[in-house]
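Trainee: kindly generate the corresponding structure for this input.
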Amino acid sequence: MQKRLLILDFDGTIADTRATILRTFRMTIEELSLAPRTDEECGSTIGLPLVEGFQKLYPEITPEQSELYTSTYRRIFRENKRNLSPDMFPNVLQTIKSVHEQGITISIASSRSRRPLLEFVDSFGLHEMIPYVLGLEDCTNHKPDPEPVLKTLRELNFSAEETLVVGDMPYDILMGKRADVQTCGVSYGNASAEELRATGADYIIDGFEELLPLLGLPPLQ
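Mentor: Residues are numbered from 1 along each chain as shown. This is a model prediction of the structure:
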C-alpha cells in the first residue's frame, strides 16, 4: 500500500546531535563525579528517555540520583546547545520538502523533552511541514514501546499499512515493528546498518534522500 504517513525520529535521523549529547554526558559525569563511561556506552542510550539512559549507564541509580542526574544533564545541554548547535544531516530539508509537497504527512516521535524538540523543529524551519510532534511528555510508554506510533496513527487517522517509521536506532525499529508498521533504518546516525538489520528493519538507507524512491517519488534534482 502507498505510504501516506512518515513517522521520523529526531536525534540521529533528522539532526546530527551526537556531539552535543556526548559532550553533555561527559560534562555531567564529570560535574557529578560519577564513574566514567565511554562515548560508546553513552551513545548507546541515544533514543531512550533520559531517565532510562542514566539507568542503563548506572543500574544502581536511586530515584533521587536519577532526578539529580537528569536535571544536571538538561542544564548542561541547554548551555552546550548555544555553543555547539547541531545541524540537519545532508539533504534532510530538501527531502522533507519533496515529501510534504506530494501530500504525504510527516510527524516526529522522539524521546527528547517536548520543549527543546519544538525549539529544534522551529529553528530548522520544519514546523509548517511537520505538523505533529510527539516528545517525552506526550506518551506514558516510550521507545521501544509502540505507544508513540499507535498514538500518532490514532490522532492522525492513518492505518499501519499506510505508515513508515524512520530512525537510526534499534529502539526506533522495534517501536515500529511492535506497532505492525514498516520500518526504515538510517545508517548514518548512531547505530550501524548491521545493528538495524539485526533488529528487523524492512529497509536500510545510507542517506535521507534515499527515502524518496521508497515512497515512489522522484529523486532530488
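Trainee: ok, now how distant is the residue lying farthest from the centre of the chain from residue 40?
Mentor: In terms of distance from the mean C-alpha position of the chain, residue 33 ranks first, at 28.6 Å (Cα atoms, centre = their mean). Counting by Cβ to Cβ, to the nearest Å, the gap from residue 33 to residue 40 is 21 Å. Backbone N, C-alpha and C define where each C-beta goes, glycine included.
Trainee: quick check: next helix or strand after the lengthiest helix in the chain?
Mentor: Scanning the chain for the helix with the most residues, using DSSP state H, yields helix 63-83. Following helix 63-83 in sequence order, the next helix or strand is helix 92-101 (DSSP states H and E).
Trainee: which residues are contacting that next one?
Mentor: 6, 14-15, 106, 124-126, 129-130, 208-209, 211-212, 215, 217-218, 220 (Cβ atoms under 8 Å, 6 or more residues apart in numbering).
Trainee: now, those that are in helices?
Mentor: Going by DSSP H, the helices hold 211, 212 from the contacts of helix 92-101.
Trainee: just the buried residues of the contacts of helix 92-101.
Mentor: Burial by neighbour count, 16 or more other Cβ atoms under 10 Å: within the contacts of helix 92-101 this picks out 6, 14-15, 106, 124, 126, 129-130, 208-209, 211-212, 215, 217.
Trainee: show me where this structure has strands.
Mentor: 5-8, 105-109, 132-134, 163-167, 182-186, 203-205 (DSSP state E).
Trainee: what is the neighbour count of residue 181?
Mentor: By other Cβ atoms under 10 Å, the residues close to residue 181 number 25.
Trainee: equivalent analysis for residue 143, please.
Mentor: Residue 143: 27 surrounding residues under other Cβ under 10 Å.
Trainee: try the one 4 residues further on
Mentor: A count of nearby residues for residue 147, using other Cβ under 10 Å, gives 18.
Trainee: which residues touch it?
Mentor: Going by Cβ under 8 Å, 6+ apart, residue 147 touches 139, 140, 141.
Trainee: remind me which residues of this protein are low pLDDT?
Mentor: When residues are selected by pLDDT under 70, none of them lie in the chain.
Trainee: closest one to residue 29 out of the buried ones among the contacts of helix 92-101, please.
Mentor: The closest of the buried ones among the contacts of helix 92-101 to residue 29 turns out to be residue 15 (Cβ to Cβ; 23.0 Å).
Trainee: one step back: work out the gap between the longest helix of the chain and the centre of the chain.
Mentor: In terms of Cα atoms, centre = their mean, to the nearest Å, the centre of helix 63-83 is set 19 Å apart from its chain centre.
Trainee: cool, and stretch 11-26?
Mentor: Relative to its chain's centre, stretch 11-26 lies at 11 Å (Cα atoms, centre = their mean).
Trainee: I figured residue 151 was touching residue 141, is that so?
Mentor: No. Using Cβ atoms under 8 Å as the test, residue 151 is too far from residue 141 to be in contact (9.8 Å).
Trainee: can you redo the strands of the chain as TSV with distance to residue 96?
Mentor: Converted to TSV, those look like this (distance: least, Cβ to Cβ, whole Å):
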stretch	distance to residue 96
strand 5-8	8
strand 105-109	6
strand 132-134	13
strand 163-167	11
strand 182-186	14
strand 203-205	14
